[in-house]
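S.K.: 3D model of this:
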Amino acid sequence: MGSLVLAVGLWLRFDPETVSLLNGDGAPDTFFIGVYILIVAGSLVMLVGFFGCCGAVRESQCLLGSFFACLLIIFGAEVAAGVFGFLNKDKIIEDVQNFYSNAYNDNNNGTLINSYHKVLNCCGTKTLPCTDLPESKDCEEGIAEFFNSKLYIIGYVGVGIAGVMIIGMIFSMVLCCAIRNSREVI
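M.R.: Numbers count the residues shown, from 1 in each chain. Presented below is the predicted three-dimensional model:
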């Protein structure tokens with residue numbers, strides 16, 4: 001599961017569409033903060049999972065207890081990151097919309113504006129509609145749709161990973177208790 005979290009984080013960080021929209025001077029970095037948290041959490045879960053496997057193979061109560069504690073801490077951090085992402089979803093979208101509007105109104109970065117138009121299939125803003133493609137949607141609406149779809153993917157993956165982590169914590173405690181009980185019988 002750690003590799004899945006890491007993969008989603010890396011996908012969001014290096015996705016050409018996302019990177020092209022959020023590069024440039026003055027670009028909001030709130031979205032990437034959440035992505036970096038996902039990458040770190042995924043790496044930690046992979047490392048902790050390795051140590052949990054070692055604890056299970058060696059039948060070490062100490063390693064299994066440490067595995068449980070680490071999973072609990074990482075679970076809390078992922079819940080906090082998820083809450084942060086969904087509470088700040090509107091702020092992230094608003095920051096990107098303002099960044100686009102300022103760049104579009106100033107007309108100072110044609111490459112950035114073109115990448116928004118190409119990736120989001122939009123043109124202009126609500127206050128300054130595009131004259132080239134009057135039938136296309138405005139980019140502020142396109143930005144909201146784009147980030148809402150990405151955040152739902154993150155949310156679904158997060159819920160699935162949380163379920164697997166809870167099952168991992170339960171199994172580690174059951175195995176730890178079984179090891180302790182088998183040693184008491186002998």
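
S.K.: going forward, measure contacts between C-alpha atoms and count neighbours the same way
M.R.: OK.

S.K.: helices or strands next to the host helix or strand of Cys53 in the packing?
M.R.: Applying DSSP states H and E as the criterion places Cys53 in helix 30-58. The contact analysis (3 or more CA pairs under 8 Å, 6 or more residues apart in numbering; DSSP states H and E) places helix 30-58 against helix 2-14, helix 61-87.

S.K.: If you compare the directions of the longest helix anywhere in the chain and helix 2-14, what angle comes out?
M.R.: Of all the elements of type helix in the chain, the one with the most residues (DSSP state H) is helix 139-185. Angular relation of helix 139-185 and helix 2-14 on a 0 to 180 degree scale: 160 degrees, by axes from the mean of the first three to the mean of the last three CA atoms, to 10 degrees.

S.K.: Now the helix holding Cys53: buried residues?
M.R.: Buried residues in helix 30-58, counting neighbours by 16 or more other CA atoms under 10 Å, are found at 30-32, 34-39, 41-46, 48-49, 51-52, 55-56.

S.K.: Now it: average pLDDT?
M.R.: For helix 30-58, the mean per-residue pLDDT is 84.

S.K.: Where does pLDDT dip in this protein?
M.R.: For the chain, applying pLDDT under 70 flags the ranges 24-26, 108-109, 132-134, 185-186.

S.K.: Count residues in the vicinity of Thr125, would you?
M.R.: Around Thr125 sit 19 other residues, with neighbours defined as other CA atoms under 10 Å.

S.K.: Can you tell me how far it is from Asn105?
M.R.: Separation of Thr125 from Asn105 (CA to CA, to the nearest Å): 9 Å.

S.K.: what's near enough to touch Tyr104?
M.R.: 113, 124 (CA atoms under 8 Å, 6 or more residues apart in numbering).

S.K.: in which helix or strand would I find it?
M.R.: Assigned by DSSP H and E, Tyr104 belongs to helix 89-106.

S.K.: And the helix or strand just after that helix, what's buried?
M.R.: With elements assigned by DSSP H and E, the helix or strand that comes after helix 89-106 is helix 110-120. Applying a neighbour-count criterion of 16+ other CA under 10 Å, the buried positions in helix 110-120 are 112-114, 116-117, 119-120.

S.K.: now what about helix 110-120, what contacts it?
M.R.: Outside of helix 110-120, the residues within contact range by CA under 8 Å, 6+ apart are 17, 20-21, 24, 100, 103-104, 122-123, 139, 142-143, 146.

S.K.: Format those residues as TSV; extra columns: distance to Val5.
M.R.: Formatted as TSV, the entries for those read as follows, by distance: CA to CA, whole Å:
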residue	distance to Val5
Glu17	20
Ser20	22
Leu21	22
Gly24	27
Tyr100	29
Ala103	33
Tyr104	35
Cys122	31
Cys123	34
Cys139	30
Gly142	26
Ile143	24
Phe146	20
